[in-house]
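K.L.:
Any chance you can model this:
(one chain, ligands or ions: 1)
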Amino acid sequence: MTAAAERVAVAAAAGTQATALDVRDLHVVLGGRLVLQGADLQVHGGDFLGLIGPNGAGKTTLLRSVLGLVPVASGTVQVAGRSSRAARAGVGYVPQRHEFAWDFPISVEDAVLSGRTRRIGLLRRARVDDYRAVRDAVDRVGLTDLRRRPVGQLSGGQRQRVLVARALALRPRVLLLDEPFTGLDMPTQELLTGLFTELAAEGVAVVMTTHDLAGALYSCTRIALLNRTVLATGTPAEVRDPDLWARAFQISPHSPLLRAIGLEVPA
Ligand SMILES: Nc1ncnc2c1ncn2[C@@H]1O[C@H](COP(=O)(O)OP(=O)(O)OP(=O)(O)O)[C@@H](O)[C@H]1O
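P.N.:
Below you'll find the predicted structure:
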(Lines give C-alpha, C1' and ligand atoms only; values in the text may rest on other atoms or scores of the structure.)
Protein backbone atom coordinates (compact mmCIF):
# COMPACT_ATOMS: atom_id res chain seq x y z
CA MET A 1 0.00 0.00 0.00
CA THR A 2 1.34 3.46 -0.87
CA ALA A 3 1.77 6.02 1.92
CA ALA A 4 -1.18 8.04 0.55
CA ALA A 5 -3.43 4.96 0.42
CA GLU A 6 -2.38 4.09 3.97
CA ARG A 7 -3.35 7.60 5.17
CA VAL A 8 -6.75 7.23 3.50
CA ALA A 9 -7.25 3.81 5.15
CA VAL A 10 -6.30 5.18 8.57
CA ALA A 11 -8.66 8.16 8.13
CA ALA A 12 -11.48 5.84 7.01
CA ALA A 13 -10.93 3.61 10.05
CA ALA A 14 -10.98 6.66 12.33
CA GLY A 15 -14.17 7.86 10.63
CA THR A 16 -15.96 4.62 11.40
CA GLN A 17 -14.79 4.52 15.02
CA ALA A 18 -17.64 5.01 17.51
CA THR A 19 -17.65 8.17 19.62
CA ALA A 20 -15.93 7.33 22.94
CA LEU A 21 -18.77 8.88 24.95
CA ASP A 22 -22.09 9.84 23.45
CA VAL A 23 -24.79 11.37 25.67
CA ARG A 24 -28.05 12.26 23.94
CA ASP A 25 -31.08 14.16 25.19
CA LEU A 26 -30.42 13.19 28.80
CA HIS A 27 -33.11 13.98 31.38
CA VAL A 28 -32.45 13.28 35.06
CA VAL A 29 -34.87 13.90 37.92
CA LEU A 30 -33.52 13.94 41.49
CA GLY A 31 -35.65 14.59 44.57
CA GLY A 32 -38.55 15.50 42.28
CA ARG A 33 -36.53 18.20 40.45
CA LEU A 34 -35.44 18.14 36.82
CA VAL A 35 -31.65 18.38 37.26
CA LEU A 36 -30.67 17.67 33.65
CA GLN A 37 -32.93 18.59 30.77
CA GLY A 38 -32.02 17.36 27.31
CA ALA A 39 -28.24 17.34 27.83
CA ASP A 40 -26.13 16.32 24.82
CA LEU A 41 -22.42 15.63 24.97
CA GLN A 42 -20.11 13.89 22.51
CA VAL A 43 -16.51 13.20 23.51
CA HIS A 44 -13.89 11.55 21.31
CA GLY A 45 -10.69 9.71 22.12
CA GLY A 46 -8.00 12.41 22.30
CA ASP A 47 -10.32 15.08 23.73
CA PHE A 48 -9.49 16.70 27.07
CA LEU A 49 -12.87 18.26 27.75
CA GLY A 50 -13.56 20.75 30.53
CA LEU A 51 -17.16 20.49 31.79
CA ILE A 52 -17.95 23.88 33.22
CA GLY A 53 -20.94 25.44 34.94
CA PRO A 54 -22.06 27.02 38.21
CA ASN A 55 -22.76 25.18 41.48
CA GLY A 56 -25.77 22.93 41.07
CA ALA A 57 -25.58 23.00 37.25
CA GLY A 58 -25.64 19.20 37.10
CA LYS A 59 -21.97 18.47 36.31
CA THR A 60 -21.56 15.66 38.86
CA THR A 61 -25.00 14.33 37.96
CA LEU A 62 -23.97 14.11 34.31
CA LEU A 63 -20.83 12.14 35.21
CA ARG A 64 -22.77 9.85 37.55
CA SER A 65 -25.40 9.26 34.85
CA VAL A 66 -22.68 8.00 32.52
CA LEU A 67 -21.64 5.50 35.19
CA GLY A 68 -25.22 4.40 35.81
CA LEU A 69 -25.09 5.69 39.41
CA VAL A 70 -28.19 7.87 39.09
CA PRO A 71 -31.47 6.89 37.42
CA VAL A 72 -31.97 8.40 33.99
CA ALA A 73 -35.53 9.57 33.22
CA SER A 74 -34.93 9.58 29.45
CA GLY A 75 -32.18 9.87 26.89
CA THR A 76 -29.22 7.62 26.07
CA VAL A 77 -25.62 7.14 27.15
CA GLN A 78 -23.27 5.16 24.94
CA VAL A 79 -19.66 4.26 25.57
CA ALA A 80 -17.79 3.29 22.38
CA GLY A 81 -21.16 2.76 20.69
CA ARG A 82 -22.56 0.51 23.41
CA SER A 83 -25.00 1.29 26.20
CA SER A 84 -24.55 -1.94 28.17
CA ARG A 85 -23.63 -2.02 31.84
CA ALA A 86 -20.35 -3.75 30.86
CA ALA A 87 -19.41 -0.85 28.55
CA ARG A 88 -20.01 1.66 31.34
CA ALA A 89 -18.06 -0.48 33.81
CA GLY A 90 -14.94 0.24 31.76
CA VAL A 91 -15.22 3.98 32.36
CA GLY A 92 -12.64 5.37 34.79
CA TYR A 93 -14.09 7.69 37.45
CA VAL A 94 -12.32 9.99 39.86
CA PRO A 95 -14.91 11.18 42.39
CA GLN A 96 -14.48 14.24 44.58
CA ARG A 97 -11.89 13.53 47.27
CA HIS A 98 -14.27 13.65 50.22
CA GLU A 99 -16.31 10.78 48.74
CA PHE A 100 -13.58 8.19 49.45
CA ALA A 101 -13.30 6.46 52.87
CA TRP A 102 -9.77 7.63 53.77
CA ASP A 103 -9.95 6.22 57.31
CA PHE A 104 -10.28 2.68 55.92
CA PRO A 105 -7.03 0.87 56.92
CA ILE A 106 -5.65 0.00 53.48
CA SER A 107 -2.43 0.81 51.63
CA VAL A 108 -2.09 2.94 48.50
CA GLU A 109 -1.68 -0.25 46.41
CA ASP A 110 -4.82 -1.83 47.83
CA ALA A 111 -6.83 1.35 47.30
CA VAL A 112 -5.69 1.42 43.67
CA LEU A 113 -6.49 -2.30 43.27
CA SER A 114 -10.02 -1.59 44.52
CA GLY A 115 -10.48 0.38 41.28
CA ARG A 116 -10.42 -2.95 39.44
CA THR A 117 -13.06 -4.65 41.61
CA ARG A 118 -15.69 -4.26 38.89
CA ARG A 119 -13.39 -6.05 36.45
CA ILE A 120 -12.07 -8.71 38.85
CA GLY A 121 -15.47 -9.48 40.40
CA LEU A 122 -16.14 -9.32 44.12
CA LEU A 123 -15.45 -12.99 44.82
CA ARG A 124 -12.45 -13.60 42.56
CA ARG A 125 -8.81 -13.09 43.45
CA ALA A 126 -6.68 -10.52 41.68
CA ARG A 127 -4.39 -11.95 38.97
CA VAL A 128 -1.01 -11.01 37.56
CA ASP A 129 -2.56 -8.60 35.07
CA ASP A 130 -4.47 -6.84 37.87
CA TYR A 131 -1.27 -6.32 39.88
CA ARG A 132 0.56 -5.12 36.77
CA ALA A 133 -2.20 -2.58 36.06
CA VAL A 134 -1.97 -1.36 39.68
CA ARG A 135 1.81 -1.00 39.52
CA ASP A 136 1.62 0.90 36.21
CA ALA A 137 -1.05 3.25 37.58
CA VAL A 138 0.85 3.89 40.83
CA ASP A 139 4.04 4.62 38.86
CA ARG A 140 2.14 6.88 36.47
CA VAL A 141 0.95 9.21 39.25
CA GLY A 142 4.37 9.18 40.94
CA LEU A 143 3.38 7.30 44.11
CA THR A 144 5.77 4.36 43.75
CA ASP A 145 7.69 5.22 46.93
CA LEU A 146 4.46 5.56 48.92
CA ARG A 147 2.75 2.43 47.59
CA ARG A 148 2.69 0.63 50.96
CA ARG A 149 1.67 3.67 53.01
CA PRO A 150 -1.82 3.57 54.63
CA VAL A 151 -4.06 5.99 52.69
CA GLY A 152 -5.10 7.71 55.92
CA GLN A 153 -1.52 9.03 56.28
CA LEU A 154 -1.46 10.83 52.92
CA SER A 155 -1.72 14.55 52.16
CA GLY A 156 -4.57 15.95 50.07
CA GLY A 157 -2.46 16.01 46.90
CA GLN A 158 -1.26 12.45 47.45
CA ARG A 159 -4.84 11.31 48.05
CA GLN A 160 -5.92 12.90 44.78
CA ARG A 161 -3.17 10.99 43.00
CA VAL A 162 -4.42 7.74 44.60
CA LEU A 163 -7.89 8.41 43.19
CA VAL A 164 -6.48 9.07 39.73
CA ALA A 165 -4.36 5.87 39.89
CA ARG A 166 -7.42 3.94 41.08
CA ALA A 167 -9.29 5.04 37.92
CA LEU A 168 -6.26 4.41 35.68
CA ALA A 169 -5.92 0.85 37.02
CA LEU A 170 -8.95 0.03 34.85
CA ARG A 171 -6.97 1.16 31.78
CA PRO A 172 -10.01 3.16 30.71
CA ARG A 173 -10.73 4.60 27.25
CA VAL A 174 -13.00 7.17 28.93
CA LEU A 175 -11.88 8.95 32.11
CA LEU A 176 -14.26 11.13 34.15
CA LEU A 177 -12.74 13.52 36.70
CA ASP A 178 -14.91 15.38 39.20
CA GLU A 179 -13.17 18.58 40.34
CA PRO A 180 -9.73 16.95 40.63
CA PHE A 181 -7.92 20.21 41.47
CA THR A 182 -9.95 21.35 44.48
CA GLY A 183 -7.61 22.23 47.34
CA LEU A 184 -4.41 21.26 45.48
CA ASP A 185 -1.23 23.33 45.31
CA MET A 186 0.23 24.48 41.99
CA PRO A 187 2.86 21.72 41.52
CA THR A 188 0.25 18.98 42.06
CA GLN A 189 -2.22 20.72 39.71
CA GLU A 190 0.53 21.00 37.14
CA LEU A 191 1.52 17.35 37.51
CA LEU A 192 -2.08 16.17 37.11
CA THR A 193 -2.82 18.54 34.21
CA GLY A 194 0.27 17.15 32.45
CA LEU A 195 -0.92 13.60 33.09
CA PHE A 196 -4.47 14.28 31.80
CA THR A 197 -3.03 15.95 28.69
CA GLU A 198 -0.76 12.93 28.09
CA LEU A 199 -3.66 10.49 28.52
CA ALA A 200 -5.72 12.42 25.97
CA ALA A 201 -2.76 12.40 23.57
CA GLU A 202 -2.69 8.61 23.97
CA GLY A 203 -6.33 8.48 22.79
CA VAL A 204 -8.25 8.48 26.08
CA ALA A 205 -11.41 10.62 26.16
CA VAL A 206 -10.90 12.76 29.28
CA VAL A 207 -13.81 14.70 30.82
CA MET A 208 -13.08 16.97 33.78
CA THR A 209 -15.45 19.14 35.79
CA THR A 210 -13.75 22.17 37.25
CA HIS A 211 -14.32 25.62 38.70
CA ASP A 212 -10.86 26.69 37.52
CA LEU A 213 -12.17 28.46 34.41
CA ALA A 214 -8.88 30.05 33.34
CA GLY A 215 -7.07 26.72 33.80
CA ALA A 216 -9.67 24.89 31.71
CA LEU A 217 -9.50 27.48 28.91
CA TYR A 218 -5.73 27.10 28.92
CA SER A 219 -5.34 23.31 29.26
CA CYS A 220 -8.44 21.66 27.82
CA THR A 221 -8.80 20.96 24.12
CA ARG A 222 -12.58 21.32 24.36
CA ILE A 223 -15.01 23.08 26.67
CA ALA A 224 -18.66 22.26 27.39
CA LEU A 225 -20.75 24.87 29.19
CA LEU A 226 -23.48 23.28 31.28
CA ASN A 227 -26.39 24.64 33.20
CA ARG A 228 -29.08 21.95 33.39
CA THR A 229 -28.39 21.39 29.69
CA VAL A 230 -25.27 21.70 27.57
CA LEU A 231 -25.39 25.28 26.28
CA ALA A 232 -22.31 25.07 24.05
CA THR A 233 -19.34 22.87 23.24
CA GLY A 234 -16.26 23.70 21.23
CA THR A 235 -12.59 24.44 21.40
CA PRO A 236 -11.61 27.16 23.91
CA ALA A 237 -11.36 29.57 20.95
CA GLU A 238 -14.88 28.66 19.83
CA VAL A 239 -16.56 29.29 23.18
CA ARG A 240 -15.16 32.72 24.00
CA ASP A 241 -18.48 34.58 23.62
CA PRO A 242 -19.00 36.37 27.00
CA ASP A 243 -22.80 36.32 26.50
CA LEU A 244 -22.67 32.54 26.48
CA TRP A 245 -20.73 32.44 29.76
CA ALA A 246 -23.02 35.06 31.25
CA ARG A 247 -26.00 32.85 30.37
CA ALA A 248 -24.35 29.72 31.74
CA PHE A 249 -23.35 31.37 35.05
CA GLN A 250 -26.31 33.78 35.21
CA ILE A 251 -24.08 36.81 35.64
CA SER A 252 -23.66 40.02 33.66
CA PRO A 253 -21.60 39.77 30.45
CA HIS A 254 -19.73 42.79 31.90
CA SER A 255 -18.75 40.87 35.04
CA PRO A 256 -15.12 41.45 36.09
CA LEU A 257 -14.92 37.69 36.61
CA LEU A 258 -15.27 37.19 32.86
CA ARG A 259 -12.69 39.89 32.24
CA ALA A 260 -10.34 38.11 34.64
CA ILE A 261 -10.40 34.98 32.47
CA GLY A 262 -9.86 37.02 29.30
CA LEU A 263 -13.45 37.13 28.04
CA GLU A 264 -14.38 40.72 27.42
CA VAL A 265 -17.47 42.32 25.89
CA PRO A 266 -16.41 44.83 23.23
CA ALA A 267 -16.96 48.43 24.50
N1 LIG B 1 -29.33 12.78 45.52
C2 LIG B 1 -29.91 13.93 45.21
N3 LIG B 1 -31.21 14.17 45.53
C4 LIG B 1 -31.81 15.33 45.21
N5 LIG B 1 -31.20 16.33 44.56
C6 LIG B 1 -29.90 16.17 44.22
C7 LIG B 1 -29.20 14.97 44.54
N8 LIG B 1 -27.93 15.09 44.07
C9 LIG B 1 -27.85 16.30 43.50
N10 LIG B 1 -29.04 16.94 43.58
C11 LIG B 1 -29.35 18.28 43.07
O12 LIG B 1 -29.07 18.27 41.69
C13 LIG B 1 -28.54 19.53 41.27
C14 LIG B 1 -27.24 19.28 40.52
O15 LIG B 1 -26.26 18.80 41.44
P16 LIG B 1 -24.79 18.44 40.96
O17 LIG B 1 -24.06 17.96 42.16
O18 LIG B 1 -24.87 17.55 39.79
O19 LIG B 1 -24.25 19.88 40.50
P20 LIG B 1 -22.78 20.34 40.18
O21 LIG B 1 -22.84 21.11 38.90
O22 LIG B 1 -21.84 19.18 40.20
O23 LIG B 1 -22.50 21.35 41.37
P24 LIG B 1 -21.14 21.78 42.15
O25 LIG B 1 -20.35 22.64 41.21
O26 LIG B 1 -21.65 22.54 43.32
O27 LIG B 1 -20.42 20.50 42.54
C28 LIG B 1 -28.39 20.37 42.52
O29 LIG B 1 -29.50 21.25 42.61
C30 LIG B 1 -28.43 19.36 43.65
O31 LIG B 1 -28.99 19.91 44.80
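K.L.:
Outline the domain layout of this protein.
P.N.:
17-91+172-267, 106-170 (automatic domain parsing).
K.L.:
how close does the residue nearest the centre of the chain get to residue 196?
P.N.:
Centroid-nearest residue in the chain, with C-alpha atoms, centre = their mean: residue 176, separated by 2.4 Å. To residue 196, residue 176 is 11 Å away according to C-beta to C-beta, to the nearest Å. Quick note: C-beta positions are derived from backbone N, CA and C, even for glycine.
K.L.:
Could you do residue 136 as well?
P.N.:
According to C-beta to C-beta, residue 136 stands 16 Å off from residue 196.
K.L.:
So those two - more neighbours on which side?
P.N.:
residue 196 (22 against 14; other C-beta atoms under 10 Å).
K.L.:
Quick one: residues contacting the more buried one.
P.N.:
Each residue near residue 196 by C-beta atoms under 8 Å, 6 or more residues apart in numbering is listed here: 48, 175, 177, 180, 206, 208, 219.
K.L.:
which sections of this protein are below the confidence cut-off?
P.N.:
Within the chain, the segments meeting pLDDT under 70 span 1-17, 120-123, 266-267.
K.L.:
For the stretch 1-150 of the chain, what lies in contact range of the ligand?
P.N.:
30, 31, 35, 53, 55, 56, 57, 58, 59, 60, 61 (C-beta under 6 Å from any ligand atom).
K.L.:
from those, which ones fall inside helices?
P.N.:
Judged by DSSP state H, these include 59, 60, 61 as members of helices.
K.L.:
Apart from its neighbours in sequence, what residue is nearest the first one?
P.N.:
Taking C-beta to C-beta, 6 or more residues apart in numbering as the measure, residue 59 lies nearest to residue 209, with 4.1 Å between them; neighbours along the chain are not counted.
K.L.:
residue ranges of the helices in the chain, please?
P.N.:
Taking DSSP H as the criterion, the chain carries its helices at 3-16, 59-66, 85-89, 108-113, 117-120, 128-140, 156-168, 186-201, 213-219, 242-249, 256-260.
K.L.:
Could you work out the most separated pair of the residues of the stretch 1-150 of the chain next to the ligand?
P.N.:
For those, with distances taken as C-beta to C-beta, the pair at the greatest spread is 31 and 53 (18.9 Å).
K.L.:
Pick out whichever of those two has more residues nearby.
P.N.:
Per other C-beta under 10 Å, whichever of residue 31 and residue 53 has more neighbours is residue 53, with 21 against 5.
K.L.:
still on that earlier bit, need the overlap of contacts for residue 176 and residue 196.
P.N.:
residue 208.
K.L.:
any idea how far the ligand is from residue 180?
P.N.:
With distances taken as C-beta to the nearest ligand atom, to the nearest Å, residue 180 is found 13 Å from the ligand.
K.L.:
isn't that residue right up against residue 207?
P.N.:
No: between residue 180 and residue 207 there is no contact under C-beta atoms under 8 Å: 11.1 Å.
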